[in-house]
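J.: Predicted coordinates and the sequence they were generated for:
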Amino acid sequence: MPDESTHSETMVSRVAEALYRHSVNEGRNEIAAKVFPLDKIVDVFATARTASDREASIVIFALADDIVTDFFREKLTGHVPGGVDATMLAGNGMLASAYNKLLLLSGLNWIRRDTYAQLALMRRIRNEFAHHVSYKSFNDAPICDYITTMDDSEIPVVSVADSEEARKQTLTRRTQFLMRSAMAVFALIRDLMVIQAAISARVHPADIIDGGYDSSPENVKELTRAFSRIGLEALYAQLTPGTVPPVD
């Protein structure tokens, strides 16, 4: 006869694991129900690819700000006298500035520290262009220094390009900015999505995305493919201006 206490502990552990897996699946289902503004994202980066450096920095950061603003509109569901938009997101509202919105997201651990750092650098670049009429290029200091400081998140994209010339070319500051800012916006969306689902399901965020790309919901795959194309388009635009990469 098996030891009754051992059997009991084994069954308890199995039930506990099953309950946790159920919670993880709830989190994944929440993510699978998300609708991402893919058309808007693709359009913004297409515009940035042919825009001036100043315009590119402004429209890309505006996209990040819009994503964050829409997130807070979704989260702030309680009663706010005068309405959330008028009281908190506009004018002198506590979340009217991109700085405050990003700071709050970071303070609440709703985005990772690294994601916050990349977005903060993008905000600085945008502000330098907005406040100094003499700055015209990503090569101007301190703008070029901010781009250099950003994570080299373009490496995975460059490493799988189907052209040796594309893989070995030295990236300009402009191409670095386009690719690094794209990956930063991707990280922002992913953090907001995964961390909120994990909070709702009361599980660890890493367990929500466990299994890799193939096991991701289709909407997440579409999002990942969209940013993959954006990164490749920026890379190939430097290699052959005016062209787009040969991606499926």
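T.: Here it is on my side, so go on.
J.: what stretches of the protein score poorly on pLDDT?
T.: By pLDDT under 70, the weakly predicted segments of the chain are 1-7, 241-248.
J.: Would you state the helices of it in chain order?
T.: Listed in chain order, the helices of the chain (DSSP state H) span 4-32, 38-50, 53-75, 84, 98-107, 113-131, 143-149, 155-159, 164-168, 173-201, 205-208, 218-239.
J.: So which of these is nearest residue 137?
T.: The minimum distance between residue 137 and these falls on helix 53-75, with 5.2 Å, by CB to CB. From N, CA and C alone the C-beta is placed, and that goes for glycine too.
J.: who's in contact with the closest one?
T.: For helix 53-75, contacts defined as CB atoms under 8 Å, 6 or more residues apart in numbering pick out 37, 40-41, 44-45, 47-49, 51, 84-85, 88-89, 95, 98, 101-102, 105, 119, 122-123, 125-126, 129-130, 135-138, 174, 177-178, 181-182, 184-185, 188-189, 192.
J.: Is it possible to get CSV of the helices of the chain that adds mean neighbour count?
T.: Listed next are the helices of the chain as CSV, based on neighbours: other CB atoms under 10 Å:
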stretch, mean neighbour count
helix 4-32, 13
helix 38-50, 16
helix 53-75, 18
helix 84, 18
helix 98-107, 16
helix 113-131, 19
helix 143-149, 17
helix 155-159, 14
helix 164-168, 11
helix 173-201, 22
helix 205-208, 18
helix 218-239, 18
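J.: Residue 45: what's it in contact with?
T.: Taking CB under 8 Å, 6+ apart as the test, what residue 45 contacts is 60, 178, 182, 230, 233-234.
J.: now with 6 Å?
T.: Residue 45 makes contact with residue 230, according to CB atoms under 6 Å, 6 or more residues apart in numbering.
J.: could you measure it against residue 181, distance?
T.: The gap separating residue 45 from residue 181 is 9 Å, by CB to CB, to the nearest Å.
J.: go on, residue 32?
T.: Using CB to CB, we find residue 32 at a distance of 27 Å from residue 181.
J.: just residue 217 next, same as before
T.: Distance from residue 217 to residue 181, by CB to CB: 25 Å.
J.: and what of residue 142?
T.: Residue 142 is 17 Å from residue 181, where distance means CB to CB.
J.: and if you look at residue 82?
T.: 34 Å.
J.: cool, residue 202 as well?
T.: Distance from residue 202 to residue 181, counting by CB to CB: 33 Å.
J.: swap in residue 110?
T.: Going from residue 110 to residue 181 by CB to CB gives 20 Å.
J.: now do residue 175
T.: With distances taken as CB to CB, residue 175 is found 11 Å from residue 181.
J.: what's the overlap in contacts for the two?
T.: Counting by CB under 6 Å, 6+ apart, residue 175 and residue 181 have no shared contacts at all.
J.: Spatially nearest residue to residue 166, not counting backbone neighbours?
T.: Nearest residue to residue 166, sequence neighbours excluded (CB to CB, 6 or more residues apart in numbering): residue 239, at 5.2 Å.
J.: from what I can see the one you found touches residue 164, true?
T.: No: using CB atoms under 6 Å as the test, residue 239 is too far from residue 164 to be in contact (11.0 Å).
J.: That's all I had, so thanks and see you.
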